[in-house]
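Colleague: Show me the folded form of this:
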Amino acid sequence: MDLGLDVTERNGYAVLAVSGEVDVATVPRLREQLHGLVAQGSNKIVVNLDGVDFLDSTGLGVLVGALKRVRSNDGDLFLVCTQPRIRKVFEVTGLTKVFSLFDSVDDAVAAA
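Modeller: Numbers count the residues shown, from 1 in each chain. Down below sits the predicted model:
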């Protein structure tokens, strides 16, 4: 399955909706998109993972890297993740302590 990336804007946040599989084959496109957003000056990003069918460790690595990059620019990166199997990946790896996970884009934007 291909990787879908769709960027919109909501209340000053860049919202990146990700769909499909995030794995070693597709992760370079995700990394490029996130780096591009930061390079364009977006330091408040919401990554919506609700359309993601599969997320592996390379995908987690890209998200952690993007979080560090955004925070070094005095920003933040929030995740929208309601699918139990994807959320479990964050729980098992302990990344729920690193990322702020939300049930909707509206919730993530309102949290700021």
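
Colleague: Please make it C-alpha for all contacts and neighbour counts, starting now.
Modeller: Noted.

Colleague: Geometric centre of the chain: which residue is closest?
Modeller: V47 (3.2 Å; CA atoms, centre = their mean).

Colleague: C-alpha coordinates for the strand or helix carrying that residue, CSV please?
Modeller: Taking DSSP states H and E as the criterion, V47 maps to strand 44-55. Extracted C-alpha coordinates of strand 44-55, given in CSV (Å, rounded to 0.1, in the frame of the first residue of the first chain):
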residue,chain,number,x,y,z
LYS,A,44,3.5,23.7,15.4
ILE,A,45,2.6,20.4,13.7
VAL,A,46,-0.1,17.8,14.2
VAL,A,47,0.5,14.4,12.7
ASN,A,48,-2.8,12.6,12.2
LEU,A,49,-2.1,8.8,12.1
ASP,A,50,-5.7,7.7,12.0
GLY,A,51,-5.4,6.6,8.4
VAL,A,52,-2.2,4.5,9.1
ASP,A,53,-2.6,0.8,8.7
PHE,A,54,0.9,-0.2,9.8
LEU,A,55,3.7,1.6,11.6
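
Colleague: Tell me which residues are up against it.
Modeller: Strand 44-55 is contacted from outside by 12-23, 70, 75-83, 86, 89, 104-105, 108-109, using CA atoms under 8 Å, 6 or more residues apart in numbering.

Colleague: model confidence over the helix ranked longest in the chain, on average?
Modeller: Determined from DSSP state H, the single longest helix within the chain is helix 57-71. Helix 57-71 comes out with an average pLDDT of 97.

Colleague: How about stretch 76-96?
Modeller: Per-residue pLDDT values over stretch 76-96 give a mean of 96.

Colleague: element containing the closest residue to A66 other than its chain neighbours, please.
Modeller: Using CA to CA, 6 or more residues apart in numbering and skipping the chain neighbours, the partner closest in space to A66 is L34 (6.5 Å). Element membership of L34 [criterion: DSSP H and E] is helix 27-39.

Colleague: Which strands or helices does that helix pack on?
Modeller: Contact here means 3 or more CA pairs under 8 Å, 6 or more residues apart in numbering; DSSP states H and E; on that basis helix 27-39 packs against helix 57-71.
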